[in-house]
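Enquirer: Fold the stuff below for me.
(one chain, ligands or ions: 2)
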Amino acid sequence: MGQRLRHVPPQEGRRRDLSDAADTGAAAGAATDDEAIREKGRLLFAGPWGFRRACRAMAELPEIGPPEFAFAGRSNVGKSSLINGLTGRKLAHASNTPGRTQTLNIFSRDDLLGFEDPGPTLVDMPGYGYAKAPKAEVAAWTALVFDYLRGRPSLRRVYLLVDARHGLKPVDLEAMKALDEAAVSYQAVLTKADKIGAAAGREVLSKTADALRRRPAAYPEVLLTSAEKGEGMAELRAAIARLVG
Ligand SMILES: Nc1nc2c(ncn2[C@@H]2O[C@H](COP(=O)(O)OP(=O)(O)O)[C@@H](O)[C@H]2O)c(=O)[nH]1
Ligand SMILES: [Mg+2]
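Expert: Ligands and ions are numbered 1, 2, ... in the order given. Predicted structure coming up:
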């Protein structure tokens, strides 16, 4: 299943092979570590998550503190559904009408509120690519989003969602350019995997990874997910858990 869900770039595979040859104990250790991170991710998202606030301006954001993970992508790509899939709750408003979320919507663990470590924060971002004014598409991705991307030291990673049926679109490349320029670490997440077959899934994974290879702020590994079927949720939870430290 790991094969279908993740594309591991060849150079990483090679590195792993070398270290395996040098020390098989290290490989066993890595497998245990993987399991531990998956379990950490499972626990992180098994807890009660809740909606904190919808922000229309930087001043409305919570104080800088816990690590933030933002979900970006074209309208209707499945950002809200993915947040719901990760948390197993109907937290974010998913809809058939594109262009709905115009605020930064903040989610965190209810049970950790007020604790020294309140756990990570998830941020559902306004979608881009729907604006009727075609030229201003990414500009219409609002000043707020750019202010947030450039000026939020606690932003740990942006998950850039891409519809697995369509792959990267020009407007996604514009968003990636903005993220590269802001030096914000981002990872591509393919959505709606249930709408394509396994072979098409592998193809879009490798194509997307190829396109990301030369982007300075892009994480090389691409994830394939279906919020509808739960595919890739454990991997994404683990990826977040790994970054939380
Ligand atoms: N088949 C399928 N549909 C999905 C999936 N994720 C989202 N959708 C649908 O795509 C539409 C847009 O989803 P939404 O989460 O609101 O997208 P957003 O605009 O990016 O937040 C809704 O009709 C969802 O039900 C998925 O994994 N599989
Ligand atoms: Mg949404």
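
Enquirer: Ignoring the adjacent residues along the chain, who's closest to residue 67?
Expert: The shortest distance from residue 67 to any non-neighbouring residue, by Cβ to Cβ, 6 or more residues apart in numbering, is to residue 156 (4.0 Å). All C-beta spots, glycine's among them, are computed from the backbone N, C-alpha and C.

Enquirer: Please verify my assumption that that neighbour contacts residue 120.
Expert: Yes: between residue 156 and residue 120 there is a contact under Cβ atoms under 8 Å: 7.4 Å.

Enquirer: Need the overlap of contacts for the two.
Expert: Residues touching both residue 156 and residue 120 (Cβ atoms under 8 Å, 6 or more residues apart in numbering) are 67-69, 244.

Enquirer: circling back: look at the residue nearest to residue 67 and give its secondary structure.
Expert: Following DSSP: H, G, I helix; E, B strand; the rest coil, residue 156 is assigned to strand.

Enquirer: OK, contacts around it?
Expert: 67-69, 120, 185, 243-244.

Enquirer: among these, which are in helices?
Expert: 243-244 (DSSP state H).

Enquirer: need the contacts of residue 156 in CSV with neighbour count, distance to ligand 1 and pLDDT, can you?
Expert: Shown next, in CSV, are the contacts of residue 156 (neighbours: other Cβ atoms under 10 Å; distance: Cβ to the nearest ligand atom, whole Å; pLDDT from 0 to 100):
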residue, neighbour count, distance to ligand 1, pLDDT
67, 15, 22, 97
68, 23, 18, 98
69, 22, 15, 98
120, 21, 19, 97
185, 14, 20, 96
243, 15, 22, 96
244, 15, 23, 94
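
Enquirer: ok, and the closest non-adjacent residue to residue 109?
Expert: residue 119 (4.3 Å).
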